[in-house]
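1. The sequence and its predicted three-dimensional model are supplied below.
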Amino acid sequence: MKRPPAAAAKGNRRKPTEAADAQQRRTPDDELQRRNVVIIVLGDLGRSPRMQFHALSLLEHGHRVVLCGYAGEDVIPPLQDANAWRRTGITSAANYQGGNREEDSLFKIIRMEPPSPPKSLRRCLLPLYLVLRLVGLVYSLLRTLFITIPAAHHRKDANGRKQSVPIDCVLVQNPPSIPLLLLAYLFCISRPLLLLSRPGLVIDWHNLGYTMFDVSDWHPIRMVARLYERMMAPLADGHLCVTLAMKSWLRQNFGLANCPDDRISVLHDRPPEFFRPTKPMEQHRLMRRLESSFRKAATGTGTGTGGLMARMGVAKDGDANRTIFTEIVGGKARLRQDRPALVISSTSWTPDEDFSVLLDACVDVDTQVRDGRGNDNGAASSFPHVVVIVTGKGPQKEMYEERISRLQLEHVSIMTMWLEAADYPLLLGCADLGVSLHTSTSGIDLPMKILDLFGCEVPVCAIGFGCLDELVVDGKNGRVFSTSTELAGLMLELLGSFANISSARSDGTTNRATGELERLRKGIRGMTRWRENWNESAQDVIIGACPLWKNTTTGLGNSSGDGTHHQTDDGHW
């Protein structure tokens, strides 16, 4: 999923003039405190928000960052802004292409495109396909680690000449584990052979890599993958975990029982500042931009959003003053009193998210409203029409779109949509309710898509699993369900009070609904944002993994002679 808009990101950055002033006030000693960090993702950078947020936080603290990952979607606007991050002031996140452009930039992006065998081979000879894919990935990673990244890490000296700088830390996302963990470790321990300091290796545990293999627990592939991951974990100098449950599991099962507390930390996902409720005029402009998408959507015959727009008086040729959700009155935007309820679910369209649960719930809601069971007074007309928007890309999208097209619904419209980076958080900020269908393969990770909705103060109905209560507290900031019938009941309950909606407050904010939805929304407000959470939980782990010699001015760093922590044979660090 593409991420947030430049307009929404303004609150997440200092103004350029302020940033430049702050940079100019730095003393020459700041270069001694600046760390040089490499962040590696074996995936599309644009769809790896947590690692992008790591890069943003490091840059905000004045460190030098190289962000590596696959080509694909755009990164978040604060990182893609041209000339955004420089040693002498805030300037750009331009892609590094091996030339001498942006030589003194604090931030560079390296896009990898590993060679891959033809997909036709996968259908015929899967084992050969997997071997060739792994070989291509190893080649691409080795080239990136040992050639491209060192070339990207440099600065200008006092005379303006290009000067290489040491790499202090390599931060990797896990999963995928194979072959990244091993190659990143080999890169770190090989640096002293070139008479360079050894970088620290930090693993950001999003999940357990071996659980991603869709085979039985005792399958040889899964067992080898688990052993590999178990062997690599103690070799890292720092660990970040997405949940308390994951930290506990790693200590018990992956040889980290004696890892010092300052080297393993829980960094819960938190939304950055550009995820927020969308103001009425922003909503109106967004809905105008998405109007063609609404017209194309159809759920059954004549029951899609196209028919809904006609019933709500939105003309075919467009109306600059009216959408199905908003209207302009007296030059000001406000929510329509008769607008539909907006439910949003973000999905990767993979088997670990059973989208049929949401479809069955929508059918159940439509049936109950049609039969007059959706309201206390038994009147279907008082229950709002429900528009369900599903965002994202993935392998099962076409299969579910075909199933959606066959549905015959009167009171629910379902549409799929792929949003530009500028529109994704704006649409979330318009929603009344979110739905999460994520079920963890390991049972100890959490879906970041819920955090996006929470950042926009949108309550979420989430399917229950393992450690979900670390994020969604049933009845406080959302609701938890296990079946489509339970989800339908929650949708009827939470959207049942929708008739009591005010257009807009005088301060420009919106009172989107009353009753239970508003009570859940209050349980979301005030949650910690990414920046303060990262400063408290991640900064010391990452900077602490850097070589000691660069940390004499800050008091942080490692205790071993080569600047890194190691685990001894007896399990002590």
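-> That came in fine, so what should we check first?

2. Show me the helices in the stretch 451-573 of the chain, by range?
-> For the stretch 451-573 of the chain, applying DSSP state H, counting those that start in this stretch gives helices covering 484-495, 516-524, 530-537, 539-544.

3. Nearest to Met417 among the ones you listed would be which one?
-> Nearest to Met417 among those is helix 484-495; the distance by C-beta to C-beta comes to 19.4 Å. C-beta coordinates here come from the backbone N, C-alpha and C atoms, glycine included.

4. so where's this structure shaky on pLDDT?
-> The chain contains residues with pLDDT under 70 at 1-32, 81-104, 154-161, 296-307, 315-318, 373-381, 497-514, 548-573.

5. Output the contacting helices and strands for the longest helix seen in it.
-> The longest helix of the chain (DSSP state H) is helix 126-143. Helix 126-143 sits against helix 119-124, helix 180-190, with contacts defined as 3 or more C-beta pairs under 8 Å, 6 or more residues apart in numbering; DSSP states H and E.

6. give me that answer again for 10 Å
-> Under the contact definition 3 or more C-beta pairs under 10 Å, 6 or more residues apart in numbering; DSSP states H and E, helix 126-143 sits against strand 36-44, strand 107-112, helix 119-124, helix 180-190.

7. tell me how far the following helix or strand past it is from the chain's mean position?
-> Remark: after helix 126-143, the chain's next helix or strand is helix 149-152, criterion DSSP states H and E. Counting by C-alpha atoms, centre = their mean, to the nearest Å, helix 149-152 is centred 27 Å from the centre of its parent chain.

8. which secondary structure elements does helix 149-152 contact?
-> strand 36-44, strand 64-70, strand 107-112.

9. Can I get the helices and strands packed on helix 126-143 in CSV including mean neighbour count?
-> Compiled in CSV, the helices and strands packed on helix 126-143 are given as follows (neighbours: other C-beta atoms under 10 Å):
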stretch, mean neighbour count
strand 36-44, 22
strand 107-112, 21
helix 119-124, 11
helix 180-190, 19
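
10. In JSON lines: the helices of the stretch 451-573 of the chain, plus mean neighbour count.
-> JSON lines is the format used below for these (neighbours: other C-beta under 10 Å):
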{"stretch": "helix 484-495", "mean neighbour count": "20"}
{"stretch": "helix 516-524", "mean neighbour count": "17"}
{"stretch": "helix 530-537", "mean neighbour count": "17"}
{"stretch": "helix 539-544", "mean neighbour count": "22"}
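
11. and of those, who's closest to Leu142?
-> Across these (criterion: C-beta to C-beta), the nearest stretch is helix 539-544, sitting at 24.0 Å.

12. elements contacting the closest one?
-> Helices and strands touching helix 539-544, by 3+ C-beta pairs under 10 Å, 6+ apart, are strand 36-44, helix 49-60, strand 169-174, strand 200-205, strand 238-241, strand 264-266.

13. Tell me the spacing between Leu193 and Val170.
-> From Leu193 over to Val170 the distance is 16 Å, taken as C-beta to C-beta, to the nearest Å.

14. and what of Arg122?
-> Separation of Arg122 from Val170 (C-beta to C-beta): 31 Å.

15. which ones are touching Phe294?
-> Neighbouring residues of Phe294 by C-beta atoms under 10 Å, 6 or more residues apart in numbering: 287, 304-306, 308-309, 314, 323-325, 387, 389, 413, 415, 417.

16. now it, what's its secondary structure?
-> Look at Phe294: counting by DSSP: H, G, I helix; E, B strand; the rest coil, its state is helix.

17. Tell me where the stretch 301-450 of the chain has strands.
-> In the stretch 301-450 of the chain, the strands defined using DSSP state E, counting those that start in this stretch lie at 326-329, 332-335, 341-346, 386-391, 412-417, 433-436.

18. what comes up buried for the fourth one?
-> When burial is assessed from 16 or more other C-beta atoms under 10 Å, strand 386-391 yields the following buried residues: Val386, Val387, Val388, Ile389, Val390, Thr391.

19. Of these, which is the nearest to Val435?
-> Nearest to Val435 among the buried residues of strand 386-391, counting by C-beta to C-beta, is Val388 at 8.0 Å.

20. Does that closest one touch Asp432 like I think?
-> No: taking contacts as C-beta atoms under 10 Å, Val388 lies outside contact range of Asp432: 11.1 Å.

21. any common contacting residues for those two?
-> Joint contacts of Val388 and Asp432 (C-beta under 10 Å, 6+ apart) are Pro340, Ala341, Leu342, Val343, Ile344.

22. From Ser265, how far out is Asp540?
-> Using C-beta to C-beta, Asp540 is found at 8 Å from Ser265.

23. between these two, what contacts are shared?
-> The contact sets of Asp540 and Ser265 overlap at Gly238 (C-beta under 10 Å, 6+ apart).

24. Out of the helices of the stretch 451-573 of the chain, flag the one nearest Arg143.
-> helix 539-544 (25.1 Å).

25. CA-only coordinates of that closest one in CSV, if you can.
-> Backbone C-alpha positions of helix 539-544 (Å, rounded to 0.1, in the frame of the first residue of the first chain) are rendered in CSV as follows:
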residue,chain,number,x,y,z
GLN,A,539,17.2,4.8,19.5
ASP,A,540,19.5,3.4,22.3
VAL,A,541,19.4,-0.1,20.7
ILE,A,542,20.5,1.1,17.3
ILE,A,543,23.0,3.7,18.4
GLY,A,544,24.3,1.4,21.1
